[in-house]
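Peer 1: Turn this into a model:
(2 chains)
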Amino acid sequence: MAKVKKVAFVAPRLAEGQAAGGAETLLFNLARRTAAEGLDVTFLTTCAVDHFTWKNERPAGSSRRDGLNVQCFPVNEDRRLERFSEIQARISRGVHVSAEEEAFWLEHNVNSRELLAHLQNAGEQYDRIILGPYLFGLIYHAALIHPKKSLLVPCLHDEPFAYLPSFSSLFNTVRGCLFNTEPERDLAEQLYDLPEGNPVVGMGIEDVDSSGIDSIRGRLGHTAPYVLYCGRREQMKGTPLLLDYVNLFRLRTGQDIRLVLTGSGPVNPPPELLPYVTDLGFVAEADKRAVMEGALAFIHPSLHESLSIVLLESWLAETPALVHSGGRVLRHQCLRANGGMWFGSYPEFEESLLVLAGQPQLRNTMGKSGREYVLREYSWQTVMQRLLDALEK
Amino acid sequence: MNEEPLFEIGADGVDAAEVVRAIHERVARKRAEGVYNDIRIAQAEKNNLDYLQNEETLADLYLETLRDAVYIDINDFAIHEQRRIAAPMLVGLKKTIWKLLKFYTYRLWSQQNQVNGLLLSAIENMEQRYRRKISELEKKVAELEKKNG
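Peer 2: Residues are numbered from 1 along each chain as shown, chains lettered A, B, ... in the order given. Model (predicted):
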């Protein structure tokens, strides 16, 4: 007989529309699926939509969405952003900060007094509280209200913030963690000296229908072979590196392989690459699937991933991956799935892309292998079994 | 750049680790042949080095990039002229200027190459020494930890 009947999920934003990040999408989808299993699920979040401004744009209060009771609370508007940003910049450079500065940084991070008050006053009604990602003041404070009921979905990366003593204490105080991959769990065990046995849960990936490559040919503007990147375009994700490498690949090999991107953020290619880059921006799921199916390879140069939903989606489209070897999670996924290769330098990138472009059979086999891996490890049925087991533990 | 396929795909599918290992071997061979002695690679790797600044592999990549870019090519090269008008005359003029400059620049750049090579050797030597020292210290720490339970 299941002990856990009522569950709260806590995330800094509601994953709705195109602006949500991977962690918010993951938590919202886990909440939806948990409700579909017959549990009473409440989703607690803030009124913010934009992850830069954190302005309260949604109305506060309760509503029903996808079988969930969603409650939105305002983000604190009295944050002292100047000092917060100054401390944040120092932490991200790996500079030591004092305990007082660390507490200030957590206090003036994204927080919601009203959400925390709700957990303090009504938190007893929940059998489990699932929260993430770890990096937000809101999640830190919320997890410590009922730590024995709290399960953290950390979405942890090897980044300077992860080394703050507050997070070591957080990881060791909560009931447990639900990790996305084994390398993420290994990192947490190594950083925080955690006991073994925290489960890897992840997120189910749905097999969407493709709109077909012909439907997006017009927007691509060419019929040349192309490599694809999907997601946020920023230094942390490695997109400047990708642009430089693709440009140099074209110059050195003379092969007309183009670059296609979807997602948000500026793309600033070198001038000679500009005519060979197509930025599709945000695309519908069916179009994203089509552009993935048509790609020679899906390239993900990020070092900071705890799961990478787009990598798994590209495998469902039977497209092999090429990832940065410094990204432990992505390399681990390629290795387990036999669905892609990894590079640590430009020569390795060039050689890998030449192999992928020149050996269609290898490309197809890797793509198919990736798809089989996703269907085996990331079907909703498998993921929900892992989650339900973790809730009862 | 067309080469023999790296793999035959069997009925059991593909082993990604094996594919990557074979690619690394091919890269090592090409590196030894000087295929990557290209200043543009050093420029492109700048982004990678910035990106990897917290990674353990940084020193290895930095040294590899430095090895590929350390020697400046100071040999003669083919002189062309893209403008059609008076092309032979312009080519002749450029060749004369190159011959005049070569007298001075050859000495200058060969000295620069010597300096670059010495600096690379010094960095490699230092890196090996520190790596060895760190490894010895790690061994000692592990032994002490074992001793103290």
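
Peer 1: residues in contact with the most centrally placed residue in chain B?
Peer 2: Nearest residue to the geometric centre of chain B (C-alpha atoms, centre = their mean): residue B:68, 2.2 Å. Listed by C-beta atoms under 8 Å, 6 or more residues apart in numbering or on different chains, the contact set of residue B:68 reads B:31, B:36-38, B:41-42. C-beta: built from backbone N, CA, C; applies to glycine.

Peer 1: Which among the residues you listed count as buried?
Peer 2: Using 16 or more other C-beta atoms under 10 Å in any protein chain shown as the burial test, those include B:31, B:36, B:38, B:41-42 as buried.

Peer 1: hmm, which two among those residues are most spread apart?
Peer 2: Largest separation among the buried ones among the contacts of residue B:68 by C-beta to C-beta: B:31 and B:42, giving 13.3 Å.

Peer 1: for chain B, which helix is longest?
Peer 2: The longest helix of chain B (DSSP state H) is helix B:87-147.

Peer 1: what helices or strands is that helix leaning on?
Peer 2: When contacts are defined as 3 or more C-beta pairs under 8 Å, 6 or more residues apart in numbering or on different chains; DSSP states H and E, helix B:87-147 packs onto helix B:58-69.

Peer 1: With just CA atoms, put the helix it packs on into PDB.
Peer 2: Output in PDB follows, covering the C-alpha atoms of helix B:58-69 (Å, rounded to 0.1, in the frame of the first residue of the first chain):
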ATOM      1  CA  LEU B  58      43.300  22.400 -19.700                       C
ATOM      2  CA  ALA B  59      47.100  22.000 -19.400                       C
ATOM      3  CA  ASP B  60      47.200  19.100 -21.800                       C
ATOM      4  CA  LEU B  61      45.200  20.900 -24.400                       C
ATOM      5  CA  TYR B  62      47.200  24.100 -24.000                       C
ATOM      6  CA  LEU B  63      50.400  22.200 -24.500                       C
ATOM      7  CA  GLU B  64      49.100  20.400 -27.600                       C
ATOM      8  CA  THR B  65      48.000  23.600 -29.100                       C
ATOM      9  CA  LEU B  66      51.300  25.300 -28.300                       C
ATOM     10  CA  ARG B  67      53.200  22.400 -29.900                       C
ATOM     11  CA  ASP B  68      51.200  22.700 -33.100                       C
ATOM     12  CA  ALA B  69      51.700  26.500 -33.300                       C
END
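
Peer 1: got the angle for it vs helix B:87-147?
Peer 2: Interaxial angle, helix B:58-69 versus helix B:87-147 (axes from the mean of the first three to the mean of the last three C-alpha atoms, to 10 degrees): 150 degrees.

Peer 1: now helix B:58-69, how far from the chain's geometric center?
Peer 2: Computed by C-alpha atoms, centre = their mean, to the nearest Å, the chain-centroid distance of helix B:58-69 equals 6 Å.

Peer 1: one step back: ok, which of the buried ones among the contacts of residue B:68 also contact chain A?
Peer 2: Residues of the buried ones among the contacts of residue B:68 in contact with chain A (C-beta under 8 Å from any C-beta of the partner chain): B:31, B:36, B:38, B:41.

Peer 1: So which residues on the stretch 251-393 of chain A come close to chain B?
Peer 2: Close to chain B, as judged by C-beta under 8 Å from any C-beta, the stretch 251-393 of chain A has residues A:251-255, A:303, A:325-326, A:334-335, A:337-342, A:344-348, A:351-352, A:354-355, A:358-359, A:361-362, A:365-366, A:368-369.

Peer 1: filter those to the buried ones?
Peer 2: Among these, the ones that count as buried by 16+ other C-beta under 10 Å are A:252, A:303, A:325-326, A:334-335, A:337-342, A:344-348, A:351-352, A:354-355, A:358-359, A:362, A:365-366, A:368-369.

Peer 1: Next step: those restricted to helices.
Peer 2: Judged by DSSP H, those include A:252, A:334-335, A:337, A:346-348, A:351-352, A:354-355, A:358, A:362, A:365-366, A:368-369 as members of helices.

Peer 1: Contact partners for the residue nearest to residue B:90 when sequence neighbours are not counted?
Peer 2: Nearest-residue entry for residue B:90: residue B:81, 4.6 Å, with adjacent residues in sequence omitted and distances by C-beta to C-beta, 6 or more residues apart in numbering or on different chains. Going by C-beta under 8 Å, 6+ apart, residue B:81 touches B:87, B:90-91, B:94.

Peer 1: again, 7 Å this time
Peer 2: B:87, B:90-91 (C-beta atoms under 7 Å, 6 or more residues apart in numbering or on different chains).

Peer 1: a markdown table please, covering those and showing neighbour count and pLDDT.
Peer 2: Output for the contacts of residue B:81, formatted as a markdown table (neighbours: other C-beta atoms under 10 Å in any protein chain shown; pLDDT from 0 to 100):
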| residue | neighbour count | pLDDT |
| --- | --- | --- |
| B:87 | 12 | 86 |
| B:90 | 15 | 90 |
| B:91 | 14 | 90 |
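
Peer 1: Give me the neighbour count for whichever residue of the stretch 1-150 of chain A sits closest to chain B.
Peer 2: Across the stretch 1-150 of chain A, no residue is closer to chain B than residue A:94, which sits at 7.2 Å (C-beta to the nearest C-beta). By other C-beta atoms under 10 Å in any protein chain shown, 11 other residues sit near residue A:94.

Peer 1: again, but for residue A:161
Peer 2: Residues near residue A:161, counting by other C-beta under 10 Å: 15.

Peer 1: Surely it is within a strand?
Peer 2: No. Under DSSP: H, G, I helix; E, B strand; the rest coil, residue A:161 sits outside any strand and is assigned helix.

Peer 1: Wasn't residue A:70 part of a helix?
Peer 2: No. Assessed with three-state DSSP, residue A:70 is strand; it does not lie in a helix.
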